[in-house]
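Participant: Sequence isn't available, so here's the structure alone:
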């Protein structure tokens, strides 16, 4: 499919399971990658409420893409791919683990530098963006519990109640952020809209019976 879109969803022990699973929607090809210190590809991830998710792979197994002069290509010379969206769920322990991971930093930095790629993070997820040193000064929101950690680095917003619900889009940095488990439906639908368009988003939204 020529217009196929790809998403990479990062998870770790302590990731908020709703924020990971609800985001996987909309006819987008999703790869779920563990970022746990153990590099086992068969080891499940224990999420914040005890739900276990078996990831598709470990982040260390995926070849890290690097920028080329020809930004129109999906692949670099090593066969690596850039995903259309890199998703970082929250959940305090999971976000802390990712924020401490140099490998996660490399993936965030690589995709932040690629034109046309969306970074999307929810709840405590924006702390990972800060730790990776990207998007300083961008408009973001987050779970209130990490506001103080973020507000000096980003242009922090907690008034995000516009047409997209409680989702903040920073156009300059191609960045989406949202506040927590309860806002993840709006967050997921906005990702679908950004990648596949409003018509597809509405077709996903309708059978969900989302208000």
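Facilitator: The structure has been received and is ready for your questions. The shown structure was predicted, so the numbers you read here are calculated from the model rather than taken from an experiment.
Participant: Relative to residue 62, how far out is the residue sitting nearest the centre point of the chain?
Facilitator: Closest to where the C-alpha atoms of the chain average out (CA atoms, centre = their mean) is residue 87, at 1.3 Å. According to CB to CB, to the nearest Å, residue 87 stands 14 Å off from residue 62. All C-beta spots, glycine's among them, are computed from the backbone N, C-alpha and C.
Participant: Can you report phi and psi for residue 183?
Facilitator: Per-residue torsions, residue 183: phi -100, psi 10 (degrees, to the nearest 10).
Participant: Wait, it touches residue 168, no?
Facilitator: No - Residue 183 is beyond contact range of residue 168, at 10.4 Å (criterion: CB atoms under 8 Å).
Participant: higher neighbour count, those two?
Facilitator: residue 168 (26 against 23; other CB atoms under 10 Å).
Participant: strands paired with the host helix or strand of the more buried one, and their directions?
Facilitator: Using DSSP states H and E, residue 168 falls within strand 167-170. Strand 167-170 sits in its sheet next to strand 175-178 (antiparallel), going by DSSP bridges.
Participant: Show me the contact partners of the strand it pairs with.
Facilitator: 118-123, 125-126, 129, 135, 138-142, 160, 165-170, 184, 186-187, 190-191, 194 (CB atoms under 8 Å, 6 or more residues apart in numbering).
Participant: Check which helices and strands the very next helix or strand once past that strand sits against.
Facilitator: Sequence-wise, the next helix or strand downstream of strand 175-178 (DSSP H and E) is helix 184-196. Packing partners of helix 184-196 (3 or more CB pairs under 8 Å, 6 or more residues apart in numbering; DSSP states H and E): helix 17-21, strand 85-88, strand 118-122, strand 167-170, strand 175-178, helix 198-208.
Participant: mind checking how far residue 188 is from residue 40?
Facilitator: Applying CB to CB, the value for residue 188 to residue 40 is 28 Å.
Participant: Take the helices and strands packed on helix 184-196 and write them to CSV, including distance to residue 109 and mean pLDDT.
Facilitator: CSV is the format used below for those (distance: least, CB to CB, whole Å; pLDDT from 0 to 100):
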stretch, distance to residue 109, mean pLDDT
helix 17-21, 22, 94
strand 85-88, 11, 98
strand 118-122, 10, 97
strand 167-170, 17, 93
strand 175-178, 14, 96
helix 198-208, 29, 93
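Participant: Residue 55: which of those is closest?
Facilitator: Taking CB to CB, helix 17-21 is the member of those nearest to residue 55, at 9.8 Å.
Participant: Beyond the closest one, next helix or strand please.
Facilitator: Helix 17-21 is succeeded, C-terminally, by strand 29-34 (DSSP H and E).
Participant: Contacts for that following strand, please.
Facilitator: Residues contacting strand 29-34 (CB under 8 Å, 6+ apart): 4-12, 20, 24, 41, 43, 45, 53, 55-59, 62, 83.
Participant: so what strands line up beside it?
Facilitator: Partners of strand 29-34 in the sheet, by DSSP bridges, are strand 6-11 (parallel), strand 57-58 (parallel).
Participant: ok so, going back, now distance to residue 146 too, for the helices and strands packed on helix 184-196, in CSV please.
Facilitator: Output for those, formatted as CSV (distance: least, CB to CB, whole Å):
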stretch, distance to residue 146
helix 17-21, 14
strand 85-88, 13
strand 118-122, 11
strand 167-170, 14
strand 175-178, 11
helix 198-208, 28
